[in-house]
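> Starting from these lines, generate the structure:
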Amino acid sequence: MGGRLGGGGANKQIPSISLYFADPLADLISPDGEDTSRPIQRLSRTVFASDRAAIVVRYAAKRELAMLRGRRFERIYLLIDDDLESLTENDGLPSDYRRRLMAYRDGPFRRLLDIVTDVVAPSEKILSSYRRKRAVKLDPAQCHQAGALVHHNLSRPFDIVFAATRSHLQDLGHIAPALAEVLRQRPDARLTTFLNGHAPRSLRMLSNAIHLPMMEWSRYRAFVAENRFHVAIAPALDTPFNRARSISKLHDHAAFGAAGVYSRQEPFDRIVINGKSGLLLSNDPAEWRDTLLDLANRREHTLKIAAGGQILSQTLGDMRRVRNFWMRELELAPALAATG
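Okay, here's the model as predicted:
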């Protein structure tokens, strides 16, 4: 699940854990559940617990559900960042991806909801499906270091990144012909995606388009730390599923040192100041083409937008905010809270 680049092996961290919980609280979590001096124990890959509460990040297996029932926690938090209730045949998702999400939603997820007391999500739209629970909004933290912006001053290829998984394939496909035109008109431009062989055909045929395989979360974090781009694009078709997504791409784009370009809709139209901390576009492919060509020609303008996006990311993604949220919710000692 989720529109992020992390993988999902049994022992691998999924992005949502880092963004909403583990990174801001890293010093308070016993990773193997054996360090009782720390107030939060990690019980499994996606389940954490304090003395009084459990936190489930997106899903729990049958064995974990049994454990949660047996422990009789005062509160059980579900942290979810996908709008599972909006899944339809017209949601813009790849069919196999949709089937997996729906199978989870209609099976294990319903059993998990039976015992959940609180739902935490980055979108009011997601929370609206769980009004019988206590519903609380929480935006993700910025888990990457902000990238330096010196690459904007260098004479080098004009690097564009599409930092998204296959769940955004139709979003990219909508503007792919226009993007291909940009790459043909500007052979000094270079596109990087993480779609491998799934990239739109019109983009796979170009020598200045690089399609990397999807990366497990820890490898992706290393990639972000090591690479810089001038522009990061986040096109999104106007679907309920897309409108419920989080602002995590803002943080990726800031870490890449890139000027973010977004579709003019939720969630970015409520946070980005157009032309200052990002660019907001309609879903007209021609507008995307013209905007990218303009950014390639106006490097100083692109740099200013990238800098504005970093400031916005630092403000909205402040780890102290996420840490203090959980300190309050889990009733941990005030001395452990983050201060400015």
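> okay, and for the protein, where does confidence drop off?
Filtered on pLDDT under 70, the chain yields the residue ranges 1-12, 33, 155, 335, 337-340.
> Can you tell me the centre-most residue of it?
What sits nearest the mean C-alpha location of the chain, by Cα atoms, centre = their mean, is Ser248, with 3.7 Å.
> That one and Pro94, how far apart?
Distance of Ser248 to Pro94, given as Cβ to Cβ, to the nearest Å: 20 Å. C-betas here are computed from N, CA, C, even on glycine.
> Same question for Asn208.
26 Å.
> what's the answer for Thr165, then?
For Thr165, the distance to Pro94 equals 10 Å [Cβ to Cβ].
> mind exporting stretch 197-206 as CSV, just the C-alpha atoms?
Coordinates of each C-alpha in stretch 197-206 appear next as CSV, following Å, rounded to 0.1, in the frame of the first residue of the first chain:
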residue,chain,number,x,y,z
GLY,A,197,9.9,-1.7,-17.3
HIS,A,198,6.5,-0.4,-16.2
ALA,A,199,7.3,3.2,-17.4
PRO,A,200,5.1,4.5,-20.2
ARG,A,201,6.4,3.3,-23.6
SER,A,202,6.9,6.8,-24.9
LEU,A,203,9.4,7.4,-22.0
ARG,A,204,11.1,4.1,-22.3
MET,A,205,12.3,4.8,-25.8
LEU,A,206,14.3,7.9,-24.9
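> Show me the contact partners of it.
Under the criterion Cβ atoms under 8 Å, 6 or more residues apart in numbering, residues 166, 169, 172-173, 176-177, 179-180, 183-184, 191, 193, 209, 211 lie in contact with stretch 197-206.
> One more: stretch 134-145?
By Cβ under 8 Å, 6+ apart, the residues outside stretch 134-145 that reach it are 16, 18-20, 23-24, 79, 81, 117-124, 127-128, 221, 224-225, 246-248, 251-252, 254-255, 313-314, 316-319, 321-322, 325, 329.
> So which of those are in strands?
Among those, the members found in strands (DSSP state E) are 79, 118-121.
> want to throw these into JSON lines with distance to Asp35?
Shown next, in JSON lines, are the ones in strands among the contacts of stretch 134-145 (distance: Cβ to Cβ, whole Å):
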{"residue": "Leu79", "distance to Asp35": "22"}
{"residue": "Asp118", "distance to Asp35": "26"}
{"residue": "Val119", "distance to Asp35": "29"}
{"residue": "Val120", "distance to Asp35": "25"}
{"residue": "Ala121", "distance to Asp35": "29"}
